[in-house]
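In: My questions concern the predicted model and sequence given below.
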Amino acid sequence: TKHVRASEKYITTEYILFKVLVGSVCGEKAQERAKMSDDITLKDGGIFVQAYSDIYQQYVETFFRAWLSPINENHEYNRQGFRLSAQIWQALSLVINELALEGKTIDEISYAGSQLGKLDYGKRAKHWENCDVMQLDSNGRLFKNGAKSTRELKLGLKDYFIKIIE
């Protein structure tokens, strides 16, 4: 499935994790196009699985371990915010991709995950007003997707997340 409901006990799906892995290794365009049944070949002709296991696995695991730590520490974690959103997860993978391409260290990747893990992902969180792709609903109380497409949302979230960790 492509979505996680707040009533379900898990925090993501196999499909979302697939998109996270592709985004982390290959970036936004491949993430957008790739299907789970595809054999993914990199621009340089390399094999996705090899690149992931040789290079990117440590980045993905380190980042998400740090990002998920608030959930591990708080078993009463609120599941009503954006933390379960497929677009958030995919945007985070694009953050990993950008940081890896910039040559960031494992410690810097962990720090980024930790900083983004501390964010309030609730729909009332005031910091969303600083994100270009989020807007208040008609009642002016809850933030929602203000982008024209899911692609624009993911890229806008990625840019916002990068600003937070810089």
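Out: It's in.
In: rest of the way, CA atoms for contacts and neighbours
Out: Will do.
In: Can you report how many residues neighbour Val25?
Out: Using other C-alpha atoms under 10 Å, Val25 is surrounded by 27 other residues.
In: pLDDT score for it?
Out: pLDDT for Val25: 93.
In: Ramachandran angles for the most far-flung residue of the chain relative to its centre?
Out: Distance from the C-alpha centroid of the chain, by C-alpha atoms, centre = their mean, peaks at Asn139 (27.6 Å). In terms of degrees, to the nearest 10, the main-chain angles of Asn139 are phi -90, psi -10.
In: buried set for stretch 41-59?
Out: Phe48, Val49, Tyr52, Tyr56, Gln57, Tyr59 (16 or more other C-alpha atoms under 10 Å).
In: just to revisit the earlier point, I'd like to know how far the residue farthest from the centre of the chain sits from Gly81.
Out: Using C-alpha to C-alpha, to the nearest Å, we find Asn139 at a distance of 17 Å from Gly81.
In: still on that earlier bit, and which of the buried residues of stretch 41-59 is nearest to Gly156?
Out: The closest of the buried residues of stretch 41-59 to Gly156 turns out to be Tyr59 (C-alpha to C-alpha; 21.6 Å).
In: pretty sure the closest one contacts Ile96?
Out: Yes - if you go by C-alpha atoms under 8 Å, Tyr59 and Ile96 touch, sitting 7.0 Å apart.
In: List the residues that are in contact with both of the two.
Out: In terms of C-alpha atoms under 8 Å, 6 or more residues apart in numbering, Tyr59 and Ile96 are both contacted by the residues Ile109.
In: Spatially nearest residue to Leu136, not counting backbone neighbours?
Out: Excluding its sequence neighbours, the residue lying closest to Leu136 (C-alpha to C-alpha, 6 or more residues apart in numbering) is Phe143, at 4.3 Å.
In: My read is that the one you found contacts His127, right?
Out: No - Phe143 lies out of contact with His127 (C-alpha under 8 Å); the separation is 9.8 Å.
In: higher neighbour count, those two?
Out: Phe143 (22 against 13).
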